[in-house]
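Trainee: for reference, the sequence and a predicted model appear below.
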Amino acid sequence: MTTRGFRPEELMQMKSAVSQAFQQAPPTIGIIGLTGKGKSTTINKMFKTNRPTSDTVACTMDFEAVDLSLKVIRGHATGEAALLRVVDAPGLGEDIRRDPHFLELYQRHLSTCDVVLYVGTARDRAIALDQTYLRQLAPLCSDRLVIGINQCDLVAPMDWNRKINLPSHKQQENLTAIIRDRSQRLSWAVGRSIPLIPYSAETGWNLQELFTGLITACPHERAWMFDSLKNFHFSDFLPQDVLAALKNSGQL
């Protein structure tokens, strides 16, 4: 959009209105799922945060909002400060003593999220727990739900091409079969077709498509806020040595 045809005072009013909208009701992403699937790691990689993570025990025990200070990158309010809120949820399924409390928190907080990302992993064939929780949570967010399949770099035969940060040919074949299978079974549990996007939080692969999927799943009247904040490019998530090599070769 251009500023042509607007007086300076009108532009100031529009910028002020946009800034106020972001401050009063920031665009909000909820990250949910079973424990140990990489929810906090996904937030850290996608938004350059430093959420605590662990390979052994749960770190997130409550719904914890992370407010990110960004700038509007397009539209009449370009350059204005804005907030993006990411809500990291406690992982389900770790302890039957905790689950009732965690599910109560989910019931309370999911309605405040514009879009909800449910994180699963590519190597898990046993998804009965995912189906069970998704069936319980779907009434709260099924129209705003995206399922992300994390840890795609660990799919057999585990020969991820680190130089270009892409799955090998055989991994891609296996990923295609995995996504087809999980999409059918998880969508069945929810009762409708749900967008399902493979990615790797560890390597950053396909995070730009994941974020685009989140924008697409937002309510129409709120999607403009996400779209005006961030425009990911695949190079945002490449390892530094790979990024440097691509730049030196003139491919970026």
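Mentor: Here it is on my side, so go on.

Trainee: show me where the stretch 1-150 of the chain has helices.
Mentor: 8-24, 39-47, 99-109, 128-141 (DSSP state H, counting those that start in this stretch).

Trainee: and Lys39, what does it touch?
Mentor: By C-beta atoms under 8 Å, 6 or more residues apart in numbering, Lys39 lies in contact with Ile31, Ile32, Gly33, Thr60, Asp88, Ala89, Gly91, Val119. For every residue, glycine as well, the C-beta is placed using N, CA and C.

Trainee: so which two of the residues you listed are the farthest from each other?
Mentor: Thr60 and Val119 (11.9 Å; C-beta to C-beta).

Trainee: tell me which of those two has more neighbours.
Mentor: Val119 (28 against 20; other C-beta atoms under 10 Å).

Trainee: any idea how far the closest residue to Pro157 other than its chain neighbours is from Ser193?
Mentor: In space, and not counting its chain neighbours, Pro157 is closest to Lys170: 5.7 Å by C-beta to C-beta, 6 or more residues apart in numbering. Computed as C-beta to C-beta, to the nearest Å, the Lys170 to Ser193 distance reads 28 Å.

Trainee: same check, this time on Leu84
Mentor: On the measure of C-beta to C-beta, Leu84 and Ser193 end up 27 Å apart.

Trainee: more neighbours: which of the two?
Mentor: Set Leu84 next to Ser193 and count neighbours by other C-beta under 10 Å: Leu84 wins out with 19 against 11.

Trainee: thought the more buried one was touching Pro26?
Mentor: Yes: assessed by C-beta atoms under 8 Å, Leu84 is found in contact with Pro26 at 6.2 Å.

Trainee: can you list residues touching both of these two?
Mentor: Common contacts of Leu84 and Pro26, defined by C-beta under 8 Å, 6+ apart, comprise Asp67.

Trainee: now the angle between helix 128-141 and whatever helix or strand Ala177 lives in, please.
Mentor: Assigned by DSSP states H and E, Ala177 belongs to helix 169-190. Angle, helix 169-190 to helix 128-141, by axes from the mean of the first three to the mean of the last three C-alpha atoms, to 10 degrees: 60 degrees.

Trainee: on contacts alone, who are the packing partners of helix 169-190?
Mentor: helix 128-141, strand 145-150, strand 196-198 (3 or more C-beta pairs under 8 Å, 6 or more residues apart in numbering; DSSP states H and E).
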